[in-house]
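# no FASTA, just this:
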């Protein structure tokens, strides 16, 4: 199934909504959306699609998500979503690392941060 969204304003709306869900909304139920691999991948795809639009407005615009550790609000919200995960301490290290990478997407997350957060209860 394919949905085509060719209206720039619709894409901007979708980008803002996904960003809000992943990195601003910290309600307990938001963890299911924020932690979905689909939300991060979709946010990245929509953002890439909008890059030419933003470059017309600001010619030096470049799409760079960078490290989540460099975006304090997003990083703090990731930790809130992490705290909502039941039985976090029961997960193996590989699963924890995957959950953290999924929560951070489309940002990157350092190996040191993954190790640090994996060892928290």
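Great, that's in hand. Computed from a prediction, not measured in an experiment: that's the story for all the values here.

# for the protein, what are the low-confidence residue spans?
121 (pLDDT under 70).

# And the strand or helix carrying residue 79, what's buried?
In this structure, residue 79 is located in helix 72-83 according to DSSP states H and E. Applying a neighbour-count criterion of 16 or more other CB atoms under 10 Å, one finds 74-75, 77-78, 81-82 buried in helix 72-83. C-beta here means a position set from N, CA and C on the backbone, and glycine is covered the same way.

# what's it packed up against?
helix 8-23, helix 30-34, helix 93-104 (3 or more CB pairs under 8 Å, 6 or more residues apart in numbering; DSSP states H and E).

# just the angle between the top helix by length along the chain and helix 8-23, please?
Taking DSSP state H as the assignment, the helix of the chain that covers the most residues is helix 37-57. Put simply, helix 37-57 runs at 130 degrees to helix 8-23, going by axes from the mean of the first three to the mean of the last three CA atoms, to 10 degrees.

# got the angle between helix 37-57 and helix 93-104?
Counting by the same axes, to 10 degrees, helix 37-57 lies at 40 degrees to helix 93-104.

# tell me what helix 37-57 is packed against?
Contacting helix 37-57 under the criterion 3+ CB pairs under 8 Å, 6+ apart are the following elements: helix 8-23, helix 93-104.

# Can you give the distance from it to the centre of its chain?
Taking CA atoms, centre = their mean, to the nearest Å, the mean C-alpha location of helix 37-57 is offset from the chain mean by 12 Å.

# Give me the contact list for that helix.
Helix 37-57 is contacted by residues 8, 11-12, 14-15, 18-19, 21-22, 33, 61-63, 65, 102-106 when judged by CB atoms under 8 Å, 6 or more residues apart in numbering.

# No further questions, thank you.
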